[in-house]
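# can you look at this prediction? I've put the sequence above it.
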Amino acid sequence: MLRSLKWIALACMALVGLGVAYYAYRVISFDTETLPGNYGRVRTLLYASDRENQPLIVGLGGSEGGNAWVRNHLKPARDRFLEMGFALLAVAYFGEEGIPKEVDRISIDAVHDAILEAARDPRINQDCIAVIGGSKGAELALLLASHYPDIKAVVGVVPGHAVFPAHTIAMNTPSFAFDGEPLPFVPVPWSAVPSLLKSDLKGAFEKMLMDQAAVDKAAIAVENINGPVLLLSATRDEFWPSTQMSELIVSRLSQKQFPFPVEHVAIEGAHASPQQRLDLVEHFLSVNILAESETGCPR
């Protein structure tokens, strides 16, 4: 019996060793120089009424891929925004035919170009553009607004405060790029690999965030955002520490003497729980966009 247990233990150790070796090979052999296929391509769908002067909300999904804002589970939010007088641009930036397969060096300037193209619709108020993103989409929303001053408000739902690795097996490139160049990102240390093998994403992110120098370098320059910011985090987030990262965003904005309103609401619950608080988003957009839309959302 003891001999059998010994051989089972040795076999398990060998399998783990093979798994680590295979992962190391994939990391080393991954092409970090060539931009991914369909780089710079996005797909969009514009929802708008026949009204004139409609403020535009840009909806960005997360790591589920495809176009989250056209799906049934977000239809109540989509319909409510349209009822309020907004137009909604649903954006797919990976995970569909004709656009990048994975979240790997996604072109934020290509996403911005797609927003500007939609804003040229004569029904849209080009001076009133807000972005809302969830999880990975919140990371992208904050990045977009930090680079482009024509975005006048940001809603980040369970956001990250820095650029994190691509969702590839190697995870050795950034999720996002600007002007064809990969952005600085928080790398995955070898100490995070056991957590990843156990599908403990939050544990892996906690290991990644221990590299303070890398985090500082990859932090999103949220102080460059040209308008108010609303953050909704989850107190028991099982994917990444969204409450901690939201607090870091608020702290950075305070330190930089950010001149616009900032609100962070920590929602009790898991990663998906803040999706149930559309009322907070509605109020934020009503105060900061609708109330200003008749005069062009001046800042």
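Here it is on my side, so go on. Numbers count the residues shown, from 1 in each chain.
# what's around residue 50, how many residues?
6 (other Cβ atoms under 10 Å). In short, each C-beta sits where N, CA and C put it, glycine included.
# so it sits against residue 123, correct?
Yes. In this structure, residue 50 is within contact of residue 123 by Cβ atoms under 8 Å, at 7.1 Å.
# kindly export stretch 124-135 (C-alpha atoms) in CSV.
The C-alpha coordinates for stretch 124-135 follow below in CSV (Å, rounded to 0.1, in the frame of the first residue of the first chain):
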residue,chain,number,x,y,z
ILE,A,124,-24.9,62.2,-31.8
ASN,A,125,-23.5,65.1,-29.7
GLN,A,126,-19.8,64.7,-30.4
ASP,A,127,-19.0,66.8,-27.3
CYS,A,128,-20.7,64.4,-24.9
ILE,A,129,-19.0,61.0,-24.9
ALA,A,130,-18.8,58.7,-21.9
VAL,A,131,-17.3,55.2,-21.6
ILE,A,132,-18.5,52.4,-19.4
GLY,A,133,-16.5,49.2,-19.0
GLY,A,134,-16.6,46.1,-16.8
SER,A,135,-13.6,44.3,-15.5
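# in this protein, which spans are helices?
2-29, 75-84, 108-119, 136-147, 193-197, 201-208, 212-218, 242-255, 278-285, 291-293 (DSSP state H).
# measure stretch 144-155 end to end?
12 Å (Cα to Cα, to the nearest Å).
# pLDDT of that stretch, averaged?
For stretch 144-155, mean pLDDT rounds to 98.
# which of the helices of the chain sits most buried?
helix 136-147 (a mean of 26; mean count of other Cβ atoms under 10 Å).
# what's the offset of that one from the middle of its chain?
Mean-position distance between helix 136-147 and its chain equals 6 Å (Cα atoms, centre = their mean, to the nearest Å).
# try stretch 100-113
With Cα atoms, centre = their mean, you get 11 Å for stretch 100-113.
# show me where the stretch 151-299 of the chain dips below the pLDDT cut-off.
Applying pLDDT under 70 to the stretch 151-299 of the chain flags residues 292-299.
# cutoff 80 now
291-299 (pLDDT under 80).
# counting neighbours, what do you get for the spatially closest residue to residue 134 that is not a sequence neighbour?
The shortest distance from residue 134 to any non-neighbouring residue, by Cβ to Cβ, 6 or more residues apart in numbering, is to residue 157 (4.2 Å). Neighbour count for residue 157, taken as other Cβ under 10 Å: 29.
# so what's residue 157 bridging to?
Per DSSP bridges, the residues bridged to residue 157 are residue 134, residue 232.
# please identify which of the helices of the chain is closest to residue 165.
Ranking the helices of the chain by proximity to residue 165 (Cβ to Cβ) places helix 201-208 first, at 8.0 Å.
# using PDB, write out every CA atom in that closest one.
Taking Å, rounded to 0.1, in the frame of the first residue of the first chain, the C-alpha atoms of helix 201-208 are listed here in PDB:
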ATOM      1  CA  LEU A 201      -7.000  34.300 -10.400                       C
ATOM      2  CA  LYS A 202      -7.300  36.600  -7.400                       C
ATOM      3  CA  GLY A 203      -4.300  34.900  -5.800                       C
ATOM      4  CA  ALA A 204      -2.300  35.300  -9.000                       C
ATOM      5  CA  PHE A 205      -3.100  39.000  -9.200                       C
ATOM      6  CA  GLU A 206      -2.200  39.500  -5.500                       C
ATOM      7  CA  LYS A 207       1.300  38.000  -6.300                       C
ATOM      8  CA  MET A 208       1.600  40.300  -9.400                       C
END
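# for burial, what's the neighbour tally of residue 287?
14.
# so what's it up against?
Residues near residue 287 by Cβ atoms under 8 Å, 6 or more residues apart in numbering: none.
# pretty sure residue 141 sits against residue 60.
Yes. Contact criterion Cβ under 8 Å: residue 141 and residue 60 qualify, at 5.5 Å.
# burial count for residue 165?
The burial count for residue 165: 21, using other Cβ under 10 Å.
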